[in-house]
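Asker: Got a predicted structure plus its sequence, pasted below:
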Amino acid sequence: MPQQIHHFVVFGATSFVGQILTRYLYQRYGIGGEVKWAIGGRSTPKLDQLRQSLGADGRKLPMIVCDAADEVALRELCGTTRAVVSTVGPYALYGSPLVKVCAETGTDYCDLTGEVQWIKRMIDAHEATAKASGARIVHCCGFDSIPSDLGVHFLQKQALATLGKPAQRVKLRIKAMKGGFSGGTVASLMNVLREVSADPGLRKLLGDPYAIAPATRAQRPRQPDVRFAQADQDARGWVAPFVMSAINTRIVHRSNGLSGHAYGADFAYDEAMSTGAGLKGRLMATGISLGLAGFMVAGAIGPTRRLLERYGVPKPGEGPSPKDQETGFYDFRFTGRTAGGDLIRAKVTGDRDPGYGSTAKMLGEAIACLAFDVAKKDLPGGFWTPATALGDKLIERLRQHAGLTFELQA
């Protein structure tokens with residue numbers, strides 16, 4: 001095996017998000033400094049083009065040419081590094097071999113997947129191996145699901161400190177958000193819909209809020225789920241379904257299970273988009289609900305899905321412009337209530353386009369946190385979540401470097 005010479009490697013560096021992530025890490029750490037990092041992917045010309053785009057010293061950045069399906073080459077890559085961050089989505093199509101190899105070699109790993117069915121497969125197939133090797137695998141380290149997962153973690157820590165107990169019921173309401181979709185994100189969503197069409201049994205898994213939570217014999221509470229426009233007193237208006245809740249809620253419940261139910265055995269959580277009060281808010285919530293439902297129906301049917309992929313959505317490699325990434329933002333509001341009715345509120349905000357400009361910064365800080373801040377003795381091998389693996393250490397990094405805020409509200 002090659003000598004371990006990198007702290008971490010960006011695998012899939014020439015993808016849309018991978019390029020943004022590479023540029024962020026270059027701005028943060030430079031090349032040839034104390035932090036040793038490299039980029040990896042299957043195309044030598046594309047990797048070299050990315051290096052040249054960084055500036056005069058870009059060619060000094062080490063690159064590793066490796067196909068996502070080549071386990072021998074992936075094993076060699078893992079032998080050179082402490083940790084790997086992967087952007088090779090759709091992960092259900094391209095990401096499995098790397099997770100397998102990381103689990104076998106004890107190499108730490110994180111990604112930005114939002115594919116519940118794939119996460120479930122990886123946990124079932126490789127969790128025992130990761131525990132034995134010491135590999136810490138942390139999925140969902142981008143917009144899905146760091147703001148949600150760390151937002152609930154932050155709120156619950158503050159609830160314990162100020163109220164003496166966790167919030168039994170937590171709501172996340174998206175107050176404001178500006179951003180765009182990339183072809184990679186759409187491709188992942190379309191692949192999920194394609195899998196459901198081929199295997200209707202997946203509907204049950206994807207509809208289970210505890211789909212990736214640790215197994216337990218205890219009875220679990222029924223979870224709330226905003227599926228259509230509805231009035232919400234805590235949001236002071238109307239709310240609509242939030243497309244990312246299908247992954248975020250699963251990660252939050254996994255965090256609760258992995259932490260020994262630190263949020264409570266009867267913990268309830270949901271997410272929705274705030275659309276405002278009155279008739280305008282109701283009409284907007286109804287429009288969002290109908291639009292989302294229509295998109296999902298169209299994506300689930302083969303012919304209409306192919307039409308969407310060809311004409312209606314961004315292609316892989318396409319995404320928000322640099323200007324749109326810079327001007328994007330999001331504002332998440334959390335409301336928690338204890339079993340006794342005590343109230344606590346928190347806010348999480350981020351600058352840049354949520355899924356790309358901000359995700360790249362979150363992912364960059366997550367891999368650095370995993371590589372440098374969390375010792376093996378403090379976090380054993382296994383499949384973790386951002387909150388249970390990185391927690392307060394990552395929150396501090398995100399506050400200092402990634403444009404996120406975490407704060408209590410009156």
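Answerer: In hand now; what should we look at?

Asker: can you tell me how far N191 sits from G58?
Answerer: Taking C-beta to C-beta, to the nearest Å as the measure, N191 falls 33 Å from G58. Where you see a C-beta, it was placed from the backbone N, CA and C, and this is true even at glycine.

Asker: residue ranges with poor pLDDT in the stretch 1-150 of the chain?
Answerer: Applying pLDDT under 70 to the stretch 1-150 of the chain picks out residues 1-3.

Asker: Now with 80, please.
Answerer: The stretch 1-150 of the chain contains residues with pLDDT under 80 at 1-4.

Asker: Show the residue spans covered by the helices in it.
Answerer: 16-29, 44-54, 71-79, 91-94, 96-105, 116-133, 146-163 (DSSP state H, counting those that start in this stretch).

Asker: Which among these is found nearest to G350?
Answerer: Ranking these by proximity to G350 (C-beta to C-beta) places helix 146-163 first, at 6.6 Å.

Asker: Distance to G357 and mean neighbour count for the helices of the stretch 1-150 of the chain - can I get that in TSV?
Answerer: Formatted as TSV, those follow (distance: least, C-beta to C-beta, whole Å; neighbours: other C-beta atoms under 10 Å):
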stretch	distance to G357	mean neighbour count
helix 16-29	7	22
helix 44-54	17	16
helix 71-79	27	19
helix 91-94	21	20
helix 96-105	25	22
helix 116-133	24	18
helix 146-163	14	22
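
Asker: N191: neighbour count?
Answerer: Neighbour count for N191, taken as other C-beta atoms under 10 Å: 18.

Asker: if I pick it, what's in contact with it?
Answerer: Contact partners of N191, counting by C-beta atoms under 8 Å, 6 or more residues apart in numbering, are 90, 92-93, 115.

Asker: Quick one: neighbours of G164, just the number.
Answerer: Neighbour number of G164 under other C-beta under 10 Å is 10.

Asker: Just want to check the distance between it and V72.
Answerer: In terms of C-beta to C-beta, G164 sits 54 Å off from V72.

Asker: Now the longest helix along the chain: average pLDDT?
Answerer: For the chain, the helix with the greatest residue count under DSSP state H is helix 278-300. Mean per-residue pLDDT for helix 278-300: 92.

Asker: distance between it and the chain's centre?
Answerer: Here helix 278-300 is found 24 Å from its chain centre; the criterion is C-alpha atoms, centre = their mean, to the nearest Å.

Asker: by contact count, what packs against that helix?
Answerer: Here helix 278-300 touches helix 183-198, strand 237-241, strand 268-276, helix 302-307, going by 3 or more C-beta pairs under 8 Å, 6 or more residues apart in numbering; DSSP states H and E.

Asker: Can you work out which other helices and strands pack against the third one?
Answerer: Strand 268-276 is packed against strand 169-178, strand 237-241, helix 245-258, helix 278-300, with contacts defined by 3+ C-beta pairs under 8 Å, 6+ apart.

Asker: What lies in contact with that strand?
Answerer: With C-beta under 8 Å, 6+ apart as the criterion, strand 268-276 contacts 148, 152, 168-175, 177, 221, 223-226, 229, 232, 235, 237-242, 244-245, 248-249, 252-253, 281-282, 284-285, 288, 333.

Asker: which neighbours does it have in its sheet, and in what orientation?
Answerer: strand 169-178 (parallel), strand 237-241 (antiparallel) (DSSP bridges).

Asker: For R333, give its distance to F143.
Answerer: Using C-beta to C-beta, one obtains 16 Å as the distance from R333 to F143.

Asker: Tell me the predicted confidence for V313.
Answerer: Looking at V313, the pLDDT reads 72.

Asker: same check, this time on G183
Answerer: 66.

Asker: Compile the helices of the stretch 1-150 of the chain into a markdown table and extend it with columns for distance to W384.
Answerer: Output for the helices of the stretch 1-150 of the chain, formatted as a markdown table (distance: least, C-beta to C-beta, whole Å):
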| stretch | distance to W384 |
| --- | --- |
| helix 16-29 | 20 |
| helix 44-54 | 29 |
| helix 71-79 | 18 |
| helix 91-94 | 17 |
| helix 96-105 | 13 |
| helix 116-133 | 9 |
| helix 146-163 | 11 |
